[in-house]
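> One predicted model, sequence on top.
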Amino acid sequence: MKLLLREYVAALKERGELDAILPDLLSELGYNVFSFPKRGTAQRGVDIGAERADEDGIRKVYLFTLKQGDLTRQDWDGSPQAVRPSLNEILDTYIPNRLPPHLRGLPIMICLVFGGNVREQVREQLTSFTTKHSTDRISFVEWNGDYLSGLLLTGLLREELLPASMRSVFQKAVALVDEPHASIVHFRQLATALHEAANADAKVRVRSARQLNICLWVLYVWAREAGNLEAAFLGSEIVVLAIWDLMRLHIGAQDKTAEDMSRVVSEVISLHITILGSLVDEKIMPHVAIRHGLTSAVPSHRAIDKNLALFDMLGRIALAGIWLDWLRQRDIDIDKDALYQASRAYLRGGVALIENNPVLLLPATDHQATDIALFLMLWLTSATAIAGSQAWLVMIVERLEYTLHTHGQYPCTTSDYRDLAEHPRHRSDAYLEEMTSASTLVPLVAAWLAGLKDQQGFDQLAKVVREKLQHCTLQFWLPDSDTDANLFHPRKQHGRALCGLSLDEGANAFLDMVKAACHEDHGFNGLSAMQTGYWPILLLACRHHRLPLPPHLWLPAFRERGEPGPSEGSPSEQPE
Amino acid sequence: MDPEPADAQWIAWFDSGQLTAHLKFDDSDVAGLARLHNEGRLDLLSLVDTGQVQALDDMRFFEVAGVLERLLPDLEASAERLMTVVAALVQRGGADLASNTPNTALRAWFARRPAEARRVIAQAAQGHESSTHHLTFALEALEDAAQARVLTATRTGACRIGALTALSRIVDSPDGYRASLEVLAELDCAAEGADLAVEQQAFITAASIHARATPAVAATAVATLEALLRRYPQSLAAAVVYALWSQPTLLDTPLFPHLLEVAATADASHAGVVRQLDEVARRLVAAGRAKDAADLVGTMIVGSGGTLSGRAFKSFMHATLAVPPNELGQLAINWLLSEDAALCEMLHEMLGQGELEGRPLAIDADAFPQSYEELMFLCGKAAGWLMFVPVSATSVLCAAVRATDGTQREEIGQLLTDLLFDNYHCASEYAQTLVDAEPPWACLQPFLETSRAYLDRWKEIPAIPELAPSDEHRRVQHLKRTDEMREVHKSAHEQSLFASLFKRAVILHGSGMAMMLRDADGSSRRMDTPMGSFSVSKEIPRQLAIDPIGFDLTLRTLRVGKRPA
């Protein structure tokens, strides 16, 4: 376990990674962190500031300066951001001027934190420096990778908090990052155990959340080294949902637990966005413009595997863009223009993915309606590009019609892979009826065509339903009072299916009926993610658990006059 | 060879009921057995009367029946008894091609006993059932065409049919043939009611006379055939098919187009009729009349309403593949332009015979339609119907590219690139061999390069493990593949000729087989047979995985597309 953690620590980058986990680790070890890592502001050499009463009972100030990996000659004094200049800044500027007043006068420990070790060629210089500048008040200490992994083992991940059985599960999850679906089975087991322990006891909630965060970090870094981020991505979804399920119990509270939980939630969301962004930016986006490129990149000769993989990716691209749009709307100090450009890039990338990979013109199974809805939501944020979504929806309708009439590969109700692999088993009406017994895809497409005022497209879909899908239960999924307790960490079925949908009365009547049903529904607004403004977590939950997106999320965008674009209360931002 | 048994041994075997176990076809003491039978010391015919012969397994039955048939002409017995024995042997022979050989023996018996033959004929004329059944052989033995004509003209039912059949076989003088044709021409089948057999046999008889007669008589035969066709337009299809099959001379008569028309209306559900038509078509192809053959087969397939496919015409397909390449190419164009799905499917089937990727076609520029719209229509059909024999499809489109220029060439080239080069490595490889071989094919190079550029871009993408299916999904696909291969293996075994002829042995381990063989002298020796493995592979179009729905839609659109007005 320690080896695993040491390798992890050594691989951490300085900015956004090493400085992201250290505050939680310090808090868990009893340090009071008074200065957190910031970007863009002068920190005068100090990455993290904390204070604590030591083993001898004396309160001390700890000033941490961080360096990724091993300390080399270059890292020691090779640039203005190197360690020696940082130490000089701490001594010359930070200690005299920046210490909080209530901590001035306390002994100071300057901690040099390295993800790895100190290289021998630098050892003498470092020792000379620390010897020269040590005083009665100021001391120096080194925390290398080995020490940090030890801290993790004796801190957040100590035996009492993470029993041997859980450590074993965690090690398996990390060891199997090359086999993501096996890895995630173990990781989910770990997350469930930590979540259940925290759920039962409020006192351990923050710690469990931090543990989940750390474990996710370890998983991510190992997955990054292995070149396969799949386990890390799925793990990040699990962790976000588990932590949110703990967090929602503290919504509205003003105590320290709520504050700490909120911080962990932000960190985990940030990590999730980082992982998702890495996956999409490095693996998918560079190739979206190649005709059939990503389809051919799916390592399988079976069309079903390509279909499943690409719709999944489309949903992830959408979520990546939606998260950035959400961040942009928040009142935080962040480069909003960069976020905007990145989100547009995801939209353009997703559109290119659809244009160049015709498997995305018809899903294989109904639950892929979630991925379609996610991308339509991202598409909706661009009023100038939204017309393109119409063409996509119309092609979906055309292919749906074609495959139903020819008993080809129409979308099935089932998501069982064995059924999908054999589909269509028979080219008979009886088999078709069985496989299309219910649909969330058809009403989703119908509602969007109606909302985009594509009467012809809507009528064509209505005709398909009349001719071939009379038996099919068209439905939307609406949250109910049980949803919040089960959406993020499901224990039982929840929500309501809005049925009795008919396309025969025309587009406006259909849309009006859905709007009325949503208006009378109170389950949606009662969701913690909606109340707190963290609505992308709802999208993440739906994507992860393969639930349809509630229509409340995108319906408000269809104004009465037919102009596509968000209206007040919509999660999406204003159009360009 | 065993020494021939003495008479006492034959009798001993007969008495003990073991005679059938010792009758061998290559036994030279045939006369001895016949002599013993005629002396009354044993009764060969009782072997059939008692069912001993019929009870033998198929291989032994035909061997013993063969012995009896050799002996039969020399046996002394009543005609009635002989006819009963012969009928029993024919019935036991069933659908085997050798089942009718006992009738030949009966004919030989009648030939040696003219009086008996006459008696049987007289009995048949009076309606005696067994005699009527064997009337043909009695008349043939006596070569009595006149009597056959009388019976044809005056009798009905089985007796008339027997007489008609004899007329079709008896070699006669030209005047005799003319007289027979007159009888046929005046034949009134109304009295037969719904029994088509008489009409059909009359036609077959006239056809066989045509085959044997002098040219002058042959012309009369043609007129008779025509008259019969006019009189019984609905009921002669099967007879026409049989006649075409059994009398190749009909292929060269002016009546042939009419015969083809009638033949094409034959009942396609009858396997024998289809086999005969297949042979007729093969002969037409061999005679350099592939178009006639194609018309016949095509009409049959189209007229069958989907019950008949090209697979039923294996001999025709095989023969057609041997015609000169340009002729095959022209045939392909004709069928593709016909808009008939059954013909196009047969073309696909034919071109895939023996060459999994399809046989390349040689098409001259002047074989293509003149109008561009028709040419594009043809190219679409070629791509649509011949997609799964890609080299064949590619050869058509490559020839079309070469035959055009400018924007027409670009459009056809685009079709070639998108549907064939982008889908199949073998299609590009084939086209490249053309380019490398002859300068006029250089026009294909830009299209090959476009396709290569498209495929090369895929190589820019590194492995993306995040896109890989899970272990569970891979396992499901593996199991599915295993099941499919098992079914293919089973199906191949069921269709295998070898599997039905030989006993199957399954080897679990080892790269060869060893068996001990026993020689005639009783010694044994070891025979070692090393075994090898064989495999078959066929490219499948890339689009089947990349965009199966779009691919299916494209093929369907190309196949059902209508000819431009």
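Received, thanks.

> part of a helix, is residue A:544?
Yes. The assignment for residue A:544 is a helix, going by DSSP: H, G, I helix; E, B strand; the rest coil.

> do you know how far it is from residue A:319?
Separation of residue A:544 from residue A:319 (CB to CB, to the nearest Å): 10 Å. For every residue, glycine as well, the C-beta is placed using N, CA and C.

> So those two - more neighbours on which side?
Taking other CB atoms under 10 Å in any protein chain shown, residue A:544 and residue A:319 do not tie; residue A:319 has more neighbours (27 against 19).

> any idea which helix or strand comes after the helix or strand that contains that one?
Per DSSP states H and E: residue A:319 is located in helix A:303-329. The helix or strand immediately downstream of helix A:303-329 is helix A:336-356, counting by DSSP H and E.

> What residues sit buried inside that following helix?
For helix A:336-356, a neighbour-count test (16 or more other CB atoms under 10 Å in any protein chain shown) marks A:339-340, A:342-356 as buried.

> Then stretch A:473-487?
Buried residues in stretch A:473-487 (16+ other CB under 10 Å): A:474, A:475, A:476, A:477, A:478, A:479, A:480, A:483, A:484, A:486, A:487.

> What of stretch A:171-188?
Using 16+ other CB under 10 Å as the test for burial, stretch A:171-188 gives A:171-174, A:176-177, A:179-184, A:186-188.

> which residue ranges form the strands in the stretch 351-500 of chain A?
Listed in chain order, the strands of the stretch 351-500 of chain A (DSSP state E, counting those that start in this stretch) span A:438-439, A:473-474, A:476-478, A:496-498.

> So for chain B, which of those strands sits nearest?
In terms of CB to the nearest CB, the element of the strands of the stretch 351-500 of chain A nearest to chain B is strand A:438-439, at 17.6 Å.

> what ranges do the helices span in the stretch 201-350 of chain B?
B:215-231, B:237-246, B:256-263, B:271-286, B:290-303, B:314-321, B:325-337, B:341-351 (DSSP state H, counting those that start in this stretch).

> Average pLDDT for the fifth one, rounded please.
When you say that, I think you mean helix B:290-303. The average pLDDT within helix B:290-303 is 83.

> Give me every residue in chain B lying close to chain A.
Residues of chain B lying close to chain A (CB under 8 Å from any CB of the partner chain) are B:454, B:457-458, B:460-461, B:463-474, B:476-477, B:480, B:542, B:544-550, B:552-553, B:556.

> and the chain, what are its domains?
Using chain A. A:1-155, A:157-287, A:300-562 (automatic domain parsing).

> could you do chain B instead?
Domain assignment for chain B, taken from automatic domain parsing, gives B:236-323, B:329-459+B:544-565.

> Look at residue B:454 and report its pLDDT.
pLDDT recorded at residue B:454 is 96.

> Would you mind listing what in the stretch 401-550 of chain A touches chain B?
Contact residues, the stretch 401-550 of chain A versus chain B (CB under 8 Å from any CB): A:402, A:403, A:406, A:408, A:409, A:417, A:418, A:421, A:422.

> quick one, what contacts residue B:421?
Contacts of residue B:421 were listed using CB atoms under 8 Å, 6 or more residues apart in numbering or on different chains, and they are B:394, B:427, B:428, B:431, B:447, B:448, B:450, B:451.

> what's the spacing between it and chain A?
Using CB to the nearest CB, to the nearest Å, we find residue B:421 at a distance of 14 Å from chain A.

> what's the answer for residue B:381, then?
20 Å.

> Need the CA coordinates for the helix or strand that residue falls within. PDB is fine.
Residue B:381 is part of helix B:372-385 when elements are defined by DSSP H and E. Taking C-alpha atoms only, helix B:372-385 is exported to PDB below (Å, rounded to 0.1, in the frame of the first residue of the first chain):
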ATOM      1  CA  TYR B 372     -24.900   8.600 -69.200                       C
ATOM      2  CA  GLU B 373     -28.000   8.200 -67.100                       C
ATOM      3  CA  GLU B 374     -28.200   4.500 -68.100                       C
ATOM      4  CA  LEU B 375     -24.500   4.100 -67.400                       C
ATOM      5  CA  MET B 376     -24.900   5.500 -63.900                       C
ATOM      6  CA  PHE B 377     -27.900   3.300 -63.400                       C
ATOM      7  CA  LEU B 378     -25.800   0.300 -64.400                       C
ATOM      8  CA  CYS B 379     -22.900   1.200 -62.100                       C
ATOM      9  CA  GLY B 380     -25.300   1.700 -59.200                       C
ATOM     10  CA  LYS B 381     -26.800  -1.700 -59.900                       C
ATOM     11  CA  ALA B 382     -23.400  -3.300 -60.200                       C
ATOM     12  CA  ALA B 383     -22.300  -1.800 -56.900                       C
ATOM     13  CA  GLY B 384     -25.600  -2.700 -55.200                       C
ATOM     14  CA  TRP B 385     -26.000  -6.300 -56.400                       C
END
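
> which other helices and strands contact the helix or strand following that helix?
Downstream of helix B:372-385, the first helix or strand assigned by DSSP H and E is helix B:390-403. With contacts taken as 3 or more CB pairs under 8 Å, 6 or more residues apart in numbering or on different chains; DSSP states H and E, helix B:390-403 sits against helix B:325-337, helix B:372-385, helix B:406-415, helix B:425-437.

> swap the cut-off to 6 Å and go again
helix B:372-385, helix B:406-415, helix B:425-437 (3 or more CB pairs under 6 Å, 6 or more residues apart in numbering or on different chains; DSSP states H and E).

> and it, how far from the chain's centre?
31 Å (CA atoms, centre = their mean, to the nearest Å).

> what do you get for stretch A:478-495?
Distance, centroid of stretch A:478-495 to centroid of chain: 20 Å (CA atoms, centre = their mean).

> what's the span of that stretch, first residue to last?
Distance between the two ends of stretch A:478-495: 6 Å, counting by CA to CA, to the nearest Å.

> pLDDT on it, on average?
Averaged across stretch A:478-495, pLDDT comes to 86.

> Next: stretch A:267-280.
Stretch A:267-280 carries an average pLDDT of 95.

> That one: how far from the chain's middle?
5 Å.

> all helices of the stretch 151-300 of chain A, in order?
Taking DSSP H, counting those that start in this stretch, the helices of the stretch 151-300 of chain A run over residues A:164-175, A:180-200, A:205-226, A:230-247, A:256-278, A:293-297.

> Can I get those in a markdown table including distance to residue B:49?
Converted to a markdown table, these look like this (distance: least, CB to CB, whole Å):
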| stretch | distance to residue B:49 |
| --- | --- |
| helix A:164-175 | 85 |
| helix A:180-200 | 78 |
| helix A:205-226 | 88 |
| helix A:230-247 | 84 |
| helix A:256-278 | 93 |
| helix A:293-297 | 77 |
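
> re earlier: touching the helix holding residue B:381 from outside, list them.
With contacts defined as CB atoms under 6 Å, 6 or more residues apart in numbering or on different chains, helix B:372-385 is touched by B:336-337, B:344, B:348, B:368-369, B:393, B:396-397, B:400, B:408, B:412, B:415, B:419, B:555, B:558-559, B:561, B:563-564.

> Apply 8 Å and report the result again.
With CB under 8 Å, 6+ apart, helix B:372-385 has contacts from B:332-333, B:336-337, B:339, B:344-345, B:347-348, B:368-369, B:392-393, B:396-397, B:400, B:403-404, B:408, B:411-412, B:415, B:419-420, B:554-559, B:561, B:563-564.

> again with stretch A:217-233
Stretch A:217-233 is contacted from outside by A:4-5, A:7-8, A:11-12, A:17, A:20-21, A:170, A:173-174, A:176-178, A:180-181, A:183-184, A:187, A:216, A:235-236, A:271, A:274-276, A:278-279, A:283, A:316, B:465-466, using CB under 8 Å, 6+ apart.

> Let me see the backbone angles for the residue nearest to residue B:134 when sequence neighbours are not counted.
Using CB to CB, 6 or more residues apart in numbering or on different chains and skipping residues adjacent in sequence, the residue nearest residue B:134 is residue B:83, 4.9 Å away. Residue B:83 adopts backbone torsions of phi -60, psi -40, taken as degrees, to the nearest 10.
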